[in-house]
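Trainee: please work out how this folds:
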Amino acid sequence: MKMSIRTPPRLLELAGQSLLRDKTLAISTLEELPMELFPPLFMEAFNRRRCEALKLMVQAWPFRRLPLRPLMKMPCLEAFKAVLDGLDALLTHGVRPRRWKLQVLDLQDVCENFWMVWSEAMAHGCFLNAMRNKKPVQDCPRMRGQQPLTVFIELWLKNRTLDEYLTCILLWVKNRKDVLHLCCKKLKILGMPFRNIRSILKMVNLDCIQEVEVNCKRILPILTQFTPYLGQMRNLQKLVLSHMDVSRYVSPEQKKEIVAQFTTQFLKLNHLQMLYMNSVSFLEGHLDQLLSCLKTSLKILAITNCVLLESDLKHLSQCPSISQLKTLDLSGVRLANFSLVPLQVLLEKVAATLEYLELDDCGIIDSQVNVILPALSRCFELTTFSFCGNPISTATLENLLCHTIRLNNICLELYPAPRESYDADGTLCWSRFAQLRSDLMGRVRDLRHPKRILFCTDYCPDCGNRSFYDLEADQCCC
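Mentor: Now for the predicted structure:
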């Protein structure tokens, strides 16, 4: 049956479904199929495991990208292999049908109902012109002109063995390196043996990687073996390092060598904008080495639950790459015995751009707060300020609230319950806490109209959580 774009959507759908049942279905038939029918029919063929139809449909795919990942939420390895078999037929013989435009097999996570929304919109012709006129894909630096098919995946390497889909796609790519590019934007390494990680990284175009997370209990051997690969990720924008502890068997000389090898890789990262380091023990006394190797201006810097020296904080305040920070998070970095002049200098340097500031559980006391108040009050772009877990008095808290009065963009402020709210044994006195909140509310309202201010308690010894309260309400806001 000859079909056109003017055929009513329901008739198109019925006609397309009849094609899926046609055992003599051929590519020539599919090339006459309106483009808007491909997404809903492909989705149906995949869900119903119509493998022969899938092989042919992927060979006649009229769009630049095939976002397959949302269809793989349910166990359907058979259908997935059928798609790969269909692509194999094209890649092996090199003869491509007239309408075939596929450049990217996309196995990255997108919204689960992506295909349903796309199919409904395409059935009504909403996306047809947009998909026909879509600009060439720019996701991978190596995709220029006539290039092999590019496969995009997300790698989450957390177990000793890979899931069946990832195993299948990696084996498929491994045997077809000359006609495929394997690209990965997001890489997470959460404990897999590095011999397995190495074999995977050798298959991936490392300059495509934009986000990396490495979360391991020990720095060795993962970090030392991963370091050479990090320097090859030249388009990396976000790096997350977590729970990296130097083994007690590593000598100071070995530690120094490890840090030097790792930090020099940052000289090659010309696009890094977001750097998160949580529970990374090798930073102590070596932060200057890392900071001196940064080649770009960071937008986000989070150094949390790390041990730093006072000299590290000073080096941080002098680093040219932090002058345009939008987010600064130093939560869990103990600053109790430090001079906070370097932090004052740091806040002054980023005052024009800083939007999010978190200084939770830093052990900051009353006398230290006064040092940073002038600089804090000039962070006019600040929208969120979190200061929980610092043992300050009611008077200092009131002074702090007075200094944030000029910050017109601030939407959320999080403060600790005042020190006077607790009994001598550390137990929160609820009546005293409620009265202090009420007094602070009156003082704040005399000065400004607050958007949202929350006070948090210390961690509960039973459940390990904090409770958050606003200035008036008695119920928990968490």
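Trainee: residues in contact with the residue nearest the centre of the chain?
Mentor: Here the mean C-alpha position of the chain is nearest to the C-alpha of residue 211 (C-alpha atoms, centre = their mean), at a distance of 6.8 Å. In this structure, residue 211 makes contact with 185, 186, 187, 236, 237, 238, 239, 240, judged by C-beta atoms under 8 Å, 6 or more residues apart in numbering. Every residue, glycine included, has its C-beta placed from N, CA and C.
Trainee: mind checking how far it is from residue 383?
Mentor: Plainly put, residue 211 is 24 Å away from residue 383 if you go by C-beta to C-beta, to the nearest Å.
Trainee: how about residue 370?
Mentor: Taking C-beta to C-beta as the measure, residue 370 and residue 383 are separated by 24 Å.
Trainee: give me the more crowded residue out of these two.
Mentor: For residue 370 versus residue 383, neighbours defined as other C-beta atoms under 10 Å are more numerous around residue 383 (16 against 13).
Trainee: is that one in contact with residue 411, as I believe?
Mentor: Yes: assessed by C-beta atoms under 8 Å, residue 383 is found in contact with residue 411 at 5.1 Å.
Trainee: and the contacts of residue 211, which is closest to residue 207?
Mentor: The shortest separation between residue 207 and any of these is 9.0 Å, and it belongs to residue 236 (by C-beta to C-beta).
Trainee: ok, that closest one - contacts?
Mentor: When contacts are counted by C-beta under 8 Å, 6+ apart, residue 236 touches 209, 210, 211, 212, 230, 269, 271, 272.
Trainee: highest neighbour count among those?
Mentor: Within these, neighbour counts (other C-beta under 10 Å) peak at residue 209, which reaches 24 neighbours.
Trainee: can you tell me how far that residue is from residue 283?
Mentor: In this structure, residue 209 lies at 23 Å from residue 283, with C-beta to C-beta as the measure.
Trainee: what of residue 50?
Mentor: Applying C-beta to C-beta, the value for residue 50 to residue 283 is 55 Å.
Trainee: please say which of those two ends up with more neighbours.
Mentor: Shown here are residue 50 and residue 283; by other C-beta under 10 Å, residue 283 has more neighbours (23 against 20).
Trainee: ok, the nearest residue to residue 353 once chain neighbours are set aside - contacts?
Mentor: Of all residues not flanking residue 353 in the chain, residue 324 sits nearest, at 5.1 Å (C-beta to C-beta, 6 or more residues apart in numbering). Residue 324 makes contact with 297, 298, 299, 350, 353, according to C-beta under 8 Å, 6+ apart.
Trainee: for the first one, which non-adjacent residue is spatially closest?
Mentor: Which is residue 297. Spatially, and ignoring its direct neighbours in sequence, residue 297 is nearest to residue 324 (4.4 Å; C-beta to C-beta, 6+ apart).
Trainee: that neighbour: which element?
Mentor: Here residue 324, judged by DSSP states H and E, is contained in no helix and no strand.
Trainee: cool, and residue 328?
Mentor: Secondary structure assignment for residue 328, by DSSP H and E: strand 327-329.
Trainee: and that strand, how far out from the chain middle?
Mentor: 15 Å (C-alpha atoms, centre = their mean, to the nearest Å).
Trainee: so after it, what's the next helix or strand?
Mentor: Next along the chain after strand 327-329, taking DSSP H and E as the criterion, comes helix 341-350.
Trainee: mind listing the strands for the protein?
Mentor: Counting by DSSP state E, one finds strands in the chain at the ranges 65-67, 104-107, 149-157, 180-189, 211-215, 238-244, 274-280, 300-304, 327-329, 356-358, 384-386, 412-416, 453-456, 468-470.
Trainee: can I get those strands in a markdown table including distance to residue 31?
Mentor: Shown next, in a markdown table, are the strands of the chain (distance: least, C-beta to C-beta, whole Å):
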| stretch | distance to residue 31 |
| --- | --- |
| strand 65-67 | 17 |
| strand 104-107 | 20 |
| strand 149-157 | 19 |
| strand 180-189 | 24 |
| strand 211-215 | 39 |
| strand 238-244 | 42 |
| strand 274-280 | 45 |
| strand 300-304 | 48 |
| strand 327-329 | 51 |
| strand 356-358 | 52 |
| strand 384-386 | 54 |
| strand 412-416 | 56 |
| strand 453-456 | 61 |
| strand 468-470 | 60 |
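Trainee: how many residues are close by residue 379?
Mentor: Taking other C-beta under 10 Å as the neighbour definition, residue 379 ends up with a count of 24.
Trainee: wait, it touches residue 407, no?
Mentor: Yes: at 6.7 Å, residue 379 and residue 407 qualify as touching, with contact defined as C-beta under 8 Å.
Trainee: what residues are shared contacts of the two?
Mentor: Between them, residue 379 and residue 407 share no neighbouring residue, with contact defined by C-beta under 8 Å, 6+ apart.
Trainee: quick one: residue 303 from residue 211, how far?
Mentor: Applying C-beta to C-beta to residue 303 and residue 211 gives a distance of 18 Å.
Trainee: check residue 125 and give its pLDDT.
Mentor: Note on residue 125: pLDDT of 52.
Trainee: likewise for residue 260?
Mentor: At residue 260, the pLDDT value in this model is 91.
Trainee: that one: what's it in contact with?
Mentor: Residue 260 sits in contact with residue 289, where contact means C-beta under 8 Å, 6+ apart.
Trainee: so how far is residue 194 from it?
Mentor: As for residue 260, its distance to residue 194 is 20 Å (criterion: C-beta to C-beta).
Trainee: export the contacts of residue 236 to CSV and tack on distance to residue 443 and pLDDT?
Mentor: What follows is these, written out as CSV (distance: C-beta to C-beta, whole Å; pLDDT from 0 to 100):
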residue, distance to residue 443, pLDDT
209, 51, 96
210, 47, 97
211, 44, 97
212, 46, 96
230, 50, 94
269, 47, 95
271, 46, 96
272, 43, 97
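Trainee: how about those in a markdown table, adding distance to residue 77?
Mentor: Shown next, in a markdown table, are those (distance: C-beta to C-beta, whole Å):
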| residue | distance to residue 77 |
| --- | --- |
| 209 | 26 |
| 210 | 28 |
| 211 | 27 |
| 212 | 28 |
| 230 | 33 |
| 269 | 37 |
| 271 | 36 |
| 272 | 37 |
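Trainee: filter those down to just the ones in helices.
Mentor: Secondary structure defined by DSSP state H assigns residue 230 of the contacts of residue 236 to helices.
Trainee: for the contacts of residue 236, which one is nearest residue 343?
Mentor: The nearest member of these to residue 343, counting by C-beta to C-beta, is residue 272 at 23.0 Å.
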